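Q: Pasted the sequence and its predicted model underneath.
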Amino acid sequence: MIRTEKLNKFFGSTQALKGVSFEIQKGEIVGFLGRNGAGKTTLMRILTSYLPASSGAVTIDGKDVLKDSLAVRRKIGYLPETPPLYPNMTVRDYVRFAAQLKDVPAKGISAQVEKILDQCYLRKVAHRTISVLSKGYQQRVGIAQAIINDPQILILDEPTNGLDPVQIQRVRELIKNLEKDRTVIISTHILSEIEQIAQRVLIIKDGEIVADDALSNLLCDEQGWQQSLEEVFLRLSQ
Ligand SMILES: Nc1ncnc2c1ncn2[C@@H]1O[C@H](COP(=O)(O)OP(=O)(O)OP(=O)(O)O)[C@@H](O)[C@H]1O
Ligand SMILES: [Mg+2]
């Protein structure tokens, strides 16, 4: 479903991605792990067509993301590292606006907006202006805009960043309870989050993929002993 081939990305003389290739099948929940500056956000921005790669290709269902960027953006729900919010809008108006942008059919918009406000625990603040919300609430508004059109593919860049422990748990439940055939890519620095949500893990180090495996395989060393994700991560990422 999502296929990348030898992606390279340069920012001036900095090479943020080095020959990144992988395939993600429909329904997979994949965690991106890597230290600060490893290239996770850059990779997500390229997958969602918000940033062109310097070389290499990304296809989604066989279509090039850059050539078909509008169609791709409709298919994908994307929570960027910094949510794209309009601070002067109320939460409800903004979520409605996101629904219109993503072509949710006009007849169903009101019901869909209310459903998502509930799913993201935003009902209490639906009438408030986004700029006065706390960081965690703003993050939840960002999640709401990402899932407003029930996208087949969800790409979430540190979705629980800034949330309180109760909300972190709720967002994890929300992701886990998405329909079965939904494809999810999530980046996080919280390793337990990956253990709870992901079936597959990609570890990125200095722009290169240093591990791409099922979580259960990754947690088993060569002798068959169980190891923690933290041990694996510390060994492979520095
Ligand atoms: N717009 C840009 N211009 C110049 N360099 C950039 C730009 N965006 C990213 N980089 C560089 O690319 C590299 C990868 O950054 P990226 O934001 O993808 O890392 P990350 O894995 O998401 O890190 P973090 O965990 O801190 O979010 C870094 O060296 C960063 O400085
Ligand atoms: Mg990042």
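A: All right, it came through fine. Numbers count the residues shown, from 1 in each chain. Ligands and ions are numbered 1, 2, ... in the order given.

Q: ok, which stretches of the protein are strands?
A: Using DSSP state E, the strands of the chain run over 2-11, 14-24, 29-33, 55-60, 63-64, 76-79, 153-157, 183-187, 200-205, 208-214.

Q: okay if I get these as CSV plus mean pLDDT, mean neighbour count and distance to ligand 1?
A: Heads up, the C-betas are built off the backbone N, CA and C, glycines and all. What follows is the strands of the chain, written out as CSV (pLDDT from 0 to 100; neighbours: other C-beta atoms under 10 Å; distance: least, C-beta to the nearest ligand atom, whole Å):
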stretch, mean pLDDT, mean neighbour count, distance to ligand 1
strand 2-11, 97, 17, 3
strand 14-24, 98, 17, 3
strand 29-33, 96, 24, 8
strand 55-60, 96, 18, 15
strand 63-64, 91, 14, 21
strand 76-79, 94, 24, 13
strand 153-157, 96, 23, 7
strand 183-187, 96, 24, 7
strand 200-205, 97, 22, 7
strand 208-214, 96, 16, 12
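
Q: With distance to Tyr137 as added columns, please give the ones you listed in TSV.
A: TSV is the format used below for these (distance: least, C-beta to C-beta, whole Å):
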stretch	distance to Tyr137
strand 2-11	31
strand 14-24	31
strand 29-33	25
strand 55-60	31
strand 63-64	36
strand 76-79	14
strand 153-157	17
strand 183-187	20
strand 200-205	30
strand 208-214	35
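
Q: Quick check: bridge partners of the residue positioned nearest the centre of the chain?
A: Note on the chain: the residue nearest the mean C-alpha position is Leu156, at 1.6 Å, using C-alpha atoms, centre = their mean. Counting by DSSP bridges, Leu156 forms beta bridges with Leu79, Ile186.

Q: Could you do Ile203 as well?
A: Where Ile203 sits in a bridge, its partners, by DSSP bridges, are Leu33, Ala211.

Q: Do I have it right that it meets Leu234?
A: No: with contact defined as C-beta atoms under 8 Å, Ile203 does not count as touching Leu234 (10.6 Å).

Q: neighbours of the residue of the chain found nearest ligand 2, just the number please.
A: Residue of the chain nearest ligand 2, by C-beta to the ion: Thr41 (3.1 Å). By other C-beta atoms under 10 Å, the residues close to Thr41 number 19.

Q: Check the residue nearest to it when sequence neighbours are not counted and give its pLDDT.
A: Spatial nearest neighbour of Thr41, excluding adjacent residues (C-beta to C-beta, 6 or more residues apart in numbering): Glu81 at 5.2 Å. We have a pLDDT of 92 for Glu81.

Q: how close does Glu81 get to Lys26?
A: Using C-beta to C-beta, to the nearest Å, we find Glu81 at a distance of 25 Å from Lys26.

Q: Now for Ile185: which residues touch it?
A: Going by C-beta atoms under 8 Å, 6 or more residues apart in numbering, Ile185 touches Ile2, Ile24, Val30, Phe32, Met44, Leu47, Ile153, Leu154, Ile155, Leu156.

Q: Which secondary structure element of this structure has the lowest mean pLDDT?
A: Least confident element among the helices and strands of the chain, by mean pLDDT, DSSP states H and E: helix 69-75 (a mean of 85).

Q: This protein against ligand 1: which residues are in contact?
A: Contacts of the chain with ligand 1, taken as C-beta under 6 Å from any ligand atom, map to Phe11, Thr14, Ala16, Gly34, Asn36, Gly37, Ala38, Gly39, Lys40, Thr41, Thr42.
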